[in-house]
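S.K.: Okay, predicted coordinates and the sequence, questions at the end:
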Number of protein chains: 2
Amino acid sequence: MQPLDNLDTPCLVLDRGRVAVNAARLRDHLAGLGVPLRLHVKTAKCAEVAALVLQGEKAPITVSTLKEAEQFFDAGYRDILYAVGFERHKLARAQALARRGAKLTLLVDSVEGAKGITGFPVLIEIDTDGHRAGVKPDDTARLAAIARALEASGCSAAGVLTHAGGSYHSANVAEIAAIAGQERDGAVMAAAALRRTGFAAPVVSIGSTPTATFASGMEGVTEVRAGVFVFFDLVMAGIEVCRQEDIAVSVLATVIGRRADKGWILVDAGWMALSRDRGTARQRVDQGYGVVCDLDGVPIADLIVTEANQEHGIVARRDGGAPPELAFGTRLRILPNHACATAAQHERYHVVDGGREVAAVWQRFGGW
Amino acid sequence: MQPLDNLDTPCLVLDRGRVAVNAARLRDHLAGLGVPLRLHVKTAKCAEVAALVLQGEKAPITVSTLKEAEQFFDAGYRDILYAVGFERHKLARAQALARRGAKLTLLVDSVEGAKGITGFPVLIEIDTDGHRAGVKPDDTARLAAIARALEASGCSAAGVLTHAGGSYHSANVAEIAAIAGQERDGAVMAAAALRRTGFAAPVVSIGSTPTATFASGMEGVTEVRAGVFVFFDLVMAGIEVCRQEDIAVSVLATVIGRRADKGWILVDAGWMALSRDRGTARQRVDQGYGVVCDLDGVPIADLIVTEANQEHGIVARRDGGAPPELAFGTRLRILPNHACATAAQHERYHVVDGGREVAAVWQRFGGW
């Protein structure tokens, strides 16, 4: 295979050693808490990454689209949770996948939603932090009404699901741990309410990368969902869920110009390659469109991508000082704010083992 | 073909009647000024859209990647300007395209850049508004040095190019018209300087959708580049380059939930479908992640997408009031902040003729 120096830029580089370490760390943590991982595949959308994280096991997975469900079913996965509120126009496609042998679990948070489905195990979405969809954990009447509607439609009320997405905006680890407790308690409370009302509700599914990482107890929880931990990113580093050195994915770019008068270096990675995600803008340290590293992945002199056009990135020092003299044609690697968003801009991963040699090329898919 | 009601959501809808009107408007304006359009194909990345805009003529085009150059060459286009600063690692690929018969023009803004190229017509990038790359129009010494380096490398110093990207941040039409004058004057001045130094520099290429739309004179200019006008978007509407009714592209989404306590409607279009572009955030009216319309494309009750997760959009009223009662399963169309960014999240356009019937499906491509 070829060295990173020879690749057309921009392109995506994936350090698979870092993925393996990130995966082992969360796996060990969850094993210590006695709860299994249900990997979210929406970050990587790549069978090889899932196989690496799951050590080849066709373990239960989480998806955010039916296309992910179909693609991962084709890759051998059978136990698939579609963790976005289901709407009946997607039913025929879900049924086709079930007929092929998928154990597909769906999600609703309303009686209306429940009425549209038939013949699936379905979880009820619980809202423990007010950031998105879901039933309040103590709204027993609504929980029971949804469960009854599900069973009336020929579905099984299989349990509850919550996602503490609010944890992405935490200020520190203590805050994440508190949100993790709230996530677990809310989900367990809602499941208990369903059981008191006469539903088996065996599944209690919780998770987000921050709360999975800092949860200290999982009593009553049957599975933990997490996705971005496989790659990590600057948003996760900003809330101390990982270190910058753990980030496994970066955008390879080339220096295509210099504006000495402005203190700018121009690179051929703009928002098309980096995404428009500015997730660190509301963190303590705003990383612009990404942290600029050398070809070995080591950050350079406080350089970030301060502005992005479609195919141009403007690189400058955070403090506005003169950037280092990087020769025309120099290769750089840019760490992303948000791994899910940046990876989604690319069709493949150029896989390295810590060094500069591309050991493999792994395809990813997009779309719905 | 099928009605929009039957499509899997999220997906991209394109009103080709609006594209035709947008194209005719700019074409007529430029014809009145006596200058030809060199369409930028980076917005649509779709041969059918280019054919519609150019009325089937294989006219000169502008590209932002070599992949666009290759794809449009395969679609029959020959005169292709690659309008991003060129770096020599891309030379073999550019040469391969030239050998197949493309008249490929490249771009540089430094002596270093010029030294890396051989055998192409090359434009020198001029900076008229300080927003990105380029040589200052009055830096005659540097202009001449680059032109000499080009000719020493076996290239022709074919002229100058500028892009008044600063116009996207204008406050009003008068400001755009002023920037358009500055764009033209700077490019013409730089070309004159090159000619005084002994270079033919026949090409004076300028453009951006705002400046192309409001330029009042084109003396000395040989071509105008513009791209986003084919679709338009909320950023362009926000600076009065178009009306919201001119926006030709929208994301079709489905209502998947409701949070009466928060005043939210949940839809199945998140940032994966809409992009993370928040270009209206710095305009007078912040449109969130997009303006929410009914299935006919008519905006609803001041609704915008206020927050986006990967596959969830949160819809709310701008004023925080209670949103209308939209039934579970209701289809909506969301106008994008930035057409280039939103379209890039999709693999195809579902083409309508003003109504709700999908008359065609047009593929687009991504990558580099």
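M.R.: On my side now, so go ahead.
S.K.: The stretch 101-250 of chain A against chain B: which residues are in contact?
M.R.: Residues of the stretch 101-250 of chain A lying close to chain B (Cβ under 8 Å from any Cβ of the partner chain) are A:Asp109, A:Ser110, A:Glu112, A:Gly113, A:Gly116, A:Gly130, A:Arg132, A:Ala133, A:Gly165. Placement of C-beta: from N, CA and C, glycine included.
S.K.: Tell me where the stretch 101-250 of chain A has strands.
M.R.: Assigned by DSSP state E, counting those that start in this stretch, the stretch 101-250 of chain A shows strands spanning A:103-108, A:121-126, A:156-162, A:203-206, A:223-226, A:249-259.
S.K.: what distance separates the fifth one from the centre of its chain?
M.R.: Taking Cα atoms, centre = their mean, to the nearest Å, one finds the center of strand A:223-226 at 11 Å from the center of the full chain.
S.K.: try stretch A:180-194
M.R.: 22 Å.
S.K.: Can you point out the buried residues in that stretch?
M.R.: A:180-194 (16 or more other Cβ atoms under 10 Å in any protein chain shown).
S.K.: Would you map out the domains in chain A?
M.R.: Residue ranges for the domains of chain A, per automatic domain parsing: A:4-12+A:248-363, A:35-231.
S.K.: Let me know the average pLDDT across the longest one.
M.R.: Okay, so that is domain A:35-231. On average, the pLDDT along domain A:35-231 is 97.
S.K.: what about it, start to end distance?
M.R.: Domain A:35-231 has an end-to-end distance of 21 Å (criterion: Cα to Cα, to the nearest Å).
S.K.: same question, the first one
M.R.: With Cα to Cα applied, domain A:4-12+A:248-363 spans 17 Å between its terminal residues.
S.K.: for it, what is the average pLDDT?
M.R.: On average, domain A:4-12+A:248-363 scores 97.
S.K.: so how far is that domain off the chain centroid?
M.R.: 20 Å.
S.K.: and the longest helix seen in chain A, what does it pack onto?
M.R.: As assigned by DSSP state H, the longest helix anywhere in chain A is helix A:173-196. Contacts defined by 3 or more Cβ pairs under 8 Å, 6 or more residues apart in numbering or on different chains; DSSP states H and E place helix A:173-196 against strand A:121-126, helix A:140-152, strand A:156-162, strand A:203-206, helix A:209-214.
S.K.: Make a markdown table from those and add distance to B:Val204 to it.
M.R.: Listed next are the helices and strands packed on helix A:173-196 as a markdown table, based on distance: least, Cβ to Cβ, whole Å:
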| stretch | distance to B:Val204 |
| --- | --- |
| strand A:121-126 | 59 |
| helix A:140-152 | 66 |
| strand A:156-162 | 60 |
| strand A:203-206 | 61 |
| helix A:209-214 | 52 |
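S.K.: and those as a markdown table, adding mean neighbour count?
M.R.: Formatted as a markdown table, those follow (neighbours: other Cβ atoms under 10 Å in any protein chain shown):
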| stretch | mean neighbour count |
| --- | --- |
| strand A:121-126 | 26 |
| helix A:140-152 | 19 |
| strand A:156-162 | 26 |
| strand A:203-206 | 26 |
| helix A:209-214 | 28 |
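S.K.: Would you mind saying which of those lies nearest B:Pro202?
M.R.: Closest approach to B:Pro202 among these is made by helix A:209-214 (56.2 Å; Cβ to Cβ).
S.K.: so who does the nearest residue to A:Asp246 once chain neighbours are set aside touch?
M.R.: Excluding its sequence neighbours, the residue lying closest to A:Asp246 (Cβ to Cβ, 6 or more residues apart in numbering or on different chains) is A:Phe232, at 4.9 Å. Neighbouring residues of A:Phe232 by Cβ atoms under 8 Å, 6 or more residues apart in numbering or on different chains: A:Arg18, A:Asn22, A:Val241, A:Cys242, A:Asp246, A:Ile247, A:Ala248, A:Ala339.
S.K.: Please produce JSON lines containing the residues you listed, extended by distance to A:Arg78 and neighbour count.
M.R.: Output for the contacts of A:Phe232, formatted as JSON lines (distance: Cβ to Cβ, whole Å; neighbours: other Cβ atoms under 10 Å in any protein chain shown):
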{"residue": "A:Arg18", "distance to A:Arg78": "28", "neighbour count": "22"}
{"residue": "A:Asn22", "distance to A:Arg78": "25", "neighbour count": "21"}
{"residue": "A:Val241", "distance to A:Arg78": "30", "neighbour count": "25"}
{"residue": "A:Cys242", "distance to A:Arg78": "30", "neighbour count": "25"}
{"residue": "A:Asp246", "distance to A:Arg78": "31", "neighbour count": "19"}
{"residue": "A:Ile247", "distance to A:Arg78": "31", "neighbour count": "24"}
{"residue": "A:Ala248", "distance to A:Arg78": "27", "neighbour count": "29"}
{"residue": "A:Ala339", "distance to A:Arg78": "26", "neighbour count": "28"}
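S.K.: rewinding a little: and of the helices and strands packed on helix A:173-196, who's closest to A:Gly263?
M.R.: Across the helices and strands packed on helix A:173-196, closest to A:Gly263 is helix A:209-214 (Cβ to Cβ), at 34.8 Å.
S.K.: tell me what that closest one is packed against?
M.R.: helix A:16-33, helix A:173-196, strand A:223-226.
S.K.: Please compute how far that helix lies from its chain's middle.
M.R.: 12 Å.
S.K.: Max pairwise distance over the residues of the stretch 101-250 of chain A next to chain B: which two?
M.R.: Greatest spacing in those, by Cβ to Cβ: A:Gly116 and A:Gly130 (25.3 Å).
S.K.: Pick out whichever of the two has more residues nearby.
M.R.: A:Gly116 (19 against 12; other Cβ atoms under 10 Å in any protein chain shown).
S.K.: which residues sit in contact with the nearest residue to the more buried one once chain neighbours are set aside?
M.R.: Leaving aside its chain neighbours, A:Gly116 sits nearest to A:Arg88 (3.2 Å; criterion: Cβ to Cβ, 6+ apart). Contacts for A:Arg88 (Cβ under 8 Å, 6+ apart) come out as A:Gly116, A:Ile117, B:Gly329.
S.K.: My understanding was that the first one contacts A:Gly85; is that so?
M.R.: So the one you mean is A:Gly116. No - judged on Cβ atoms under 8 Å, A:Gly116 makes no contact with A:Gly85 at a distance of 10.7 Å.
S.K.: about what we covered before: minimum distance to B:Asn6: which of the helices and strands packed on helix A:173-196 has it?
M.R.: Nearest to B:Asn6, of all the helices and strands packed on helix A:173-196, is strand A:121-126, at 23.9 Å by Cβ to Cβ.
S.K.: quick one, that closest one and strand A:156-162 angle?
M.R.: Interaxial angle of strand A:121-126 relative to strand A:156-162 (axes from the mean of the first three to the mean of the last three Cα atoms, to 10 degrees): 30 degrees.
S.K.: residue of the stretch 101-250 of chain A with the smallest distance to chain B?
M.R.: A:Glu112 (4.2 Å; Cβ to the nearest Cβ).
S.K.: B:Tyr77 versus that residue, what's the distance?
M.R.: Separation of A:Glu112 from B:Tyr77 (Cβ to Cβ, to the nearest Å) stands at 50 Å.
S.K.: between those two, who's got more neighbours?
M.R.: Between A:Glu112 and B:Tyr77, counting by other Cβ under 10 Å, B:Tyr77 is the more crowded of the two (24 against 18).
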